[in-house]
Structures are given as C-alpha cells and as structure tokens.
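Asks: please find the sequence and the predicted model below.
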Amino acid sequence: MTGDASVVLGAVGNINLNIPEISAVASDVMDKLLLLADLDPATAKLAISILGPFLSAFAFLFILRIVMSWYPKLPLGKFPYVIAYAPTEPLLGPTRKLIPPVGGVDVSPVMWFGLISFLNEILLGPQGLLVLLSQQVN
C-alpha cells in the first residue's frame, strides 16, 4: 500500500501550477465579463437576434451529427450529409483528439450539443444574461 501512495505523491509532485499565469487568465476572463455587463439594451438585443438563430442552427446540426454517427458508412462528403458535416467537423475534430471515442461511440457531438444548449440557456434563456441586459432601464 505504501508503494501506491508514493506513486500518487510522485505524480502530484510533477504537477506544475503557475499561479501568476492562472491569475492573469482569471483576471482577463473577469475583464471580458465586465464588458458584457456594460452592454446597452440595444446592443444586447442585437446580440440576441444574432446569437439566437446561430445557436439554434448549430444545435440542430449537432443533433444531425449524433444521428449520423449511428450510421458509420454514410458518405459524409456527399450531399445532403455534407450540410451537417462541413460546419461541425472543425469543432468535432479537435474534440475527438481531446476526448477519444469510448467503445466505438463518439461522444464529441453530444458534448458540443450540451455546451451549445448551456450557452443558449445562460445567454438567451428567460433569465439569460443578454435578455436581462436588453430589458434594463436606464
């Protein structure tokens, strides 16, 4: 048992955390969030009118990619399959390298669908950030 603990402690010791770098990234993210909070209602409405259809279209495309993954012999480069393949593959390719298929099941389209649904709800839902900003009174 002590051998297992030394392996774990050795692995933990190899993790290099650069606290100033992490702090700088967190500060940059906070600055960008503050810029979002400073949007005037007209800009927030414009962002809603652009992001709403964009996120809905990509959510639909990722649902198509989930269904297409059930049929691995589809000719993805041919019409009509290329309509869903071409815009989503630049996102799915790097994600597959990060999270490889598990047991022959590609989970990357499901992950992206979940992320897009989350963003849609956080930004454009009934209590979404952009919706609340568009309703603010000066």
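Replies: Okay, I see it.

Asks: from residue 65, how far out is the spatially most central residue of the chain?
Replies: By Cα atoms, centre = their mean, the chain has its centre lying nearest to residue 115, at 4.2 Å. Separation of residue 115 from residue 65 (Cβ to Cβ, to the nearest Å) stands at 13 Å. For glycine as for every other residue, the C-beta is placed from the backbone atoms N, C-alpha and C.

Asks: got the phi and psi for the residue nearest to the centre of the chain?
Replies: When read as degrees, to the nearest 10, the backbone of residue 115 gives phi -60, psi -40.

Asks: same thing with residue 77?
Replies: phi -90, psi 0.

Asks: count the residues that sit near it.
Replies: Per other Cβ atoms under 10 Å, the neighbour tally for residue 77 reads 9.

Asks: and the one 3 residues further on, by the same measure?
Replies: Burial of residue 80, expressed as a neighbour count using other Cβ under 10 Å, amounts to 8.

Asks: the one 10 residues further on now?
Replies: Number of residues near residue 90 (other Cβ under 10 Å) recorded here: 9.

Asks: element containing it?
Replies: helix 82-98 (DSSP states H and E).

Asks: likewise for residue 74?
Replies: Using DSSP H and E, no helix or strand contains residue 74.

Asks: list the contacts of it.
Replies: 68, 81 (Cβ atoms under 8 Å, 6 or more residues apart in numbering).

Asks: what are the phi and psi values for residue 105?
Replies: phi -110, psi 120.

Asks: any low-confidence regions in the chain?
Replies: By pLDDT under 70, the weakly predicted segments of the chain are 1-26, 29-37, 138.

Asks: which residues in it form strands?
Replies: Using DSSP state E, no strands are found in the chain.

Asks: in it, spot the helix with the most residues.
Replies: Ranked by residue count, the top helix of the chain under DSSP state H comes out as helix 41-68.

Asks: give me the angle between it and helix 82-98.
Replies: 90 degrees (axes from the mean of the first three to the mean of the last three Cα atoms, to 10 degrees).

Asks: show me which residues of helix 41-68 are buried.
Replies: 44-45, 47-48, 51, 55, 58-59, 61-62, 64-66, 68 (16 or more other Cβ atoms under 10 Å).
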